[in-house]
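Enquirer: everything below, folded, please.
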Amino acid sequence: MATLISCGPGFFAKTLGLLSSRSLSRLAPLWTSVFETFPQTWCTCVCPAVRGVSFSTSSGGPPKRPLTGYLRYAVQQRPAVAKQYPDVRIVEITKKIAQEWRLLSPEQKKPYQEAALAAREVYKEEMTIFKEQLTLAQATALKEEKRQKVARRRAIRKKRELTMLGKPKRPRSAFNIFMSEHFQEATGESMQAKMKNLLEDWSKLHTSQKEVYMQLAEDDKIRYKNEIKSWEEHMVEMGREDLIRNRKKKTKPKKSVKAKGNKTKIKVVSESEGTEMPASSPGTGKSNSRAKKAEE
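Expert: As a prediction, the model looks like this:
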């Protein structure tokens, strides 16, 4: 009981106030099992993850996903590691914490992993309750938001993969080359202000001055064309044809030309002479007479 009080009674009071009686009856067994299973690690492992979780649609979003076992350990260890290495960047601190996590024994990792599994079950139940409160429009909007997030993650992963495979950078435009050369000396407090001022300076340049950058842009196009060709050939050798931008499309067979109206050209072959004679549609009298003469 002391662990619950130290974790913050206000949080649980606020949570219980948001839940309906039906929701409380469904969540009570899960909370009880979590308290009984992890009385020692509840404060350090579970509470940071569930603090601030939304239980109703009035908050404007679904419940937050719980932290994994490793992330719980990282959140707990980050202040101590940052204090031990005050001059180290956050990226290096994260690497040190990851190294410490890999050196932990399975028994040392167990409290964090079990707490993550327990919080995961609570999250599933909370998500079910949240979805039951949504209208059809809200559910559709939530589904579309999830689809967009997945698409963004896929695009980021693909871009990262292409970078690791050494895909050449796309050619720069004349203005981009001009901007990269003069960005440091450009006036403006923010990046947007500098770019706006550079755009104005570019528009004021004489045509002869722009030609230098336009020629550099043309050279960059040639560079990209040569590099992307060799890179795509290398990808084919690796069996990664799916990364090639312009794959050759299979030629489709030509469609037969349909005859307009009832007038169709018919080739009549004479049995005696073996000559071909054009004829009109069978519905006309001239075609019948020509066919008889050919047979005679």
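
Enquirer: count the neighbours of the residue nearest to residue 201 when sequence neighbours are not counted for me.
Expert: Leaving out its chain neighbours, the residue that sits closest to residue 201 by C-beta to C-beta, 6 or more residues apart in numbering is residue 182, at 7.2 Å. For every residue, glycine as well, the C-beta is placed using N, CA and C. Neighbour count of residue 182, defined by other C-beta atoms under 10 Å: 14.

Enquirer: how far away is residue 182 from residue 219?
Expert: Distance of residue 182 to residue 219, computed by C-beta to C-beta, to the nearest Å: 19 Å.

Enquirer: again with residue 110
Expert: 60 Å.

Enquirer: following the helix or strand of the chain with the lowest mean pLDDT, which helix or strand shows up next?
Expert: Lowest on mean pLDDT, DSSP states H and E among the helices and strands of the chain sits helix 47-50, with a mean of 38. Using DSSP states H and E, the next helix or strand after helix 47-50 towards the C-terminus is helix 69-84.

Enquirer: and the helix or strand following that next one, what does it pack against?
Expert: Using DSSP H and E, the helix or strand that follows helix 69-84 towards the C-terminus is helix 90-103. For helix 90-103, the elements it packs on are helix 69-84, judged by 3 or more C-beta pairs under 8 Å, 6 or more residues apart in numbering; DSSP states H and E.

Enquirer: and with 10 Å instead?
Expert: Under the contact definition 3 or more C-beta pairs under 10 Å, 6 or more residues apart in numbering; DSSP states H and E, helix 90-103 sits against helix 69-84, helix 106-132.

Enquirer: minimum distance to residue 90: which of these has it?
Expert: Across these, residue 90 has its closest neighbour in helix 69-84 (8.0 Å, C-beta to C-beta).

Enquirer: ok, residue 121 to residue 115 distance?
Expert: Distance of residue 121 to residue 115, computed by C-beta to C-beta: 11 Å.

Enquirer: one more: residue 66?
Expert: 9 Å.

Enquirer: what's the burial count for residue 62?
Expert: Residues lying near residue 62 (other C-beta under 10 Å) number 18.

Enquirer: and what of residue 206?
Expert: Residue 206: 7 neighbours (other C-beta under 10 Å).

Enquirer: repeat that for residue 115.
Expert: Neighbours of residue 115 under the rule other C-beta under 10 Å: 25.

Enquirer: can I assume it is in contact with residue 70?
Expert: No - when contacts are counted by C-beta atoms under 10 Å, residue 115 is not listed as touching residue 70 (11.8 Å).

Enquirer: can you give me the domain assignment for this structure?
Expert: Under the assignment automatic domain parsing, the domains of the chain span 2-133, 136-164, 174-243.

Enquirer: quickly, which of these bottoms out on average pLDDT?
Expert: Lowest mean pLDDT within the domains of the chain: domain 2-133, at a mean of 70.

Enquirer: before we move on, the earlier item: residue 212: which of the helices and strands packed on helix 90-103 is closest?
Expert: Nearest of these (C-beta to C-beta): helix 69-84, 49.1 Å.
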